[in-house]
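Engineer: Generate a structure from the sequence data that follows.
(one chain, ligands or ions: 1)
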Amino acid sequence: MPELPEAEVVRRQLHAAVVGATINHIRVGREDMIRQGIESLAWYSGSRVTEAQRHGKSVVLICERGTGKRVVVVELGMTGLLLFAREAIPSAKHVHVMMSLANGPQPALWYWNARRFGRLYLLDRNDWKAYRQRRFGSDPFTMTSDEFVDLIKSCRGRIKAVLLNQRRIAGIGNIYANEALFRAGIHPYARGRRLSKTRIRALFETLQRVLKEAILRGGSSIRSFVAPDGQPGQFQRRHLVYQKTGAPCPAGCGNRIRVLMDERSSFVCPTCQKR
Ligand SMILES: [Zn+2]
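Structural biologist: Have a look, this model is predicted:
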């Protein structure tokens, strides 16, 4: 599913093509795709998109009309996509929300989802503040190495569970947790509080490096992910362990990648990743 890098790829394209545009209107095909704020739909007609933000795995459009300000929060979910309107849409019946635009390079932005996991929120300032506080922990690109050490040291559970906890650190999902832990030589079941500060700092640097490289390569196109312009990401070609069960360890230790079945599959080299 889209994680931080994919959401950031989407945000960057929206920043370039939607910020500055005026929303003519938002048409909603399936109302249950709007989790909150459907009654405010008419407010957005005539508003201007002034900013595109990313919080964790969510993409947020800031909209202003007169002195009023509201946001559109898009949770991409497992299979959700934001797409510039185009003819080669994967399957038009899955376009659930259509935002028609003026005064910009793109005539429309569509929210496409073949499944029901994605959600949109239409929020005013107060509801947006509450949503942010409820949903998102620190961003891996704005927190410091010391803050990351404190976070990991304060958690009793398995380190991978901490990385996946969006309320503690936002944006990392199963792909990037597995890839970062392998590269840092840390077993996903290691207990955070027992790891040395040196290893935790190394993990933090590795995590940032993996996320940055993934953004530069357009994210990972696992399942259906494509950017708003229709381009798939390329970082899946750089995956070392994710969904590589049975493959030789890329570090050349002679062992093979194994999958551990927990809430989310963990892909590990039993030799290279230490607890
Ligand atoms: Zn190995």
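Engineer: From here on, just use CA atoms for contacts and neighbour counts.
Structural biologist: Fine.
Engineer: Which positions in the chain make contact with the ion?
Structural biologist: 249, 253, 269, 272 (Cα under 5 Å from the ion).
Engineer: from the residues you listed, which would you call buried?
Structural biologist: Among the residues of the chain next to the ion, those scoring as buried are 249, 269, 272 (criterion: 16 or more other Cα atoms under 10 Å).
Engineer: mind listing the strands for this structure?
Structural biologist: 22-28, 34-36, 48-55, 58-65, 68-75, 81-84, 95-102, 108-112, 119-124, 258-260, 266-268 (DSSP state E).
Engineer: what does the third one rub up against?
Structural biologist: Identification of contacts with strand 48-55 by Cα atoms under 8 Å, 6 or more residues apart in numbering yields 7-8, 11-12, 14-15, 18-23, 59-65, 136, 139, 170-171.
Engineer: repeat that for 6 Å
Structural biologist: With contact meaning Cα atoms under 6 Å, 6 or more residues apart in numbering, strand 48-55 is reached by 11, 15, 19-22, 59-64.
Engineer: what does the last one give?
Structural biologist: Contacts of strand 266-268 from elsewhere in the structure, counted by Cα under 6 Å, 6+ apart, are 241-242, 257-260.
Engineer: List just the nearest of these to residue 232.
Structural biologist: Residue 232 has its nearest neighbour among those in residue 242, at 17.8 Å by Cα to Cα.
Engineer: burial of the closest one, as a residue count?
Structural biologist: Neighbourhood size, residue 242 [other Cα atoms under 10 Å]: 21.
Engineer: if I look at it, how far off is residue 182?
Structural biologist: Distance from residue 242 to residue 182, counting by Cα to Cα, to the nearest Å: 10 Å.
Engineer: Could you do residue 235 as well?
Structural biologist: The value you get for residue 235 to residue 182, if Cα to Cα is used, is 16 Å.
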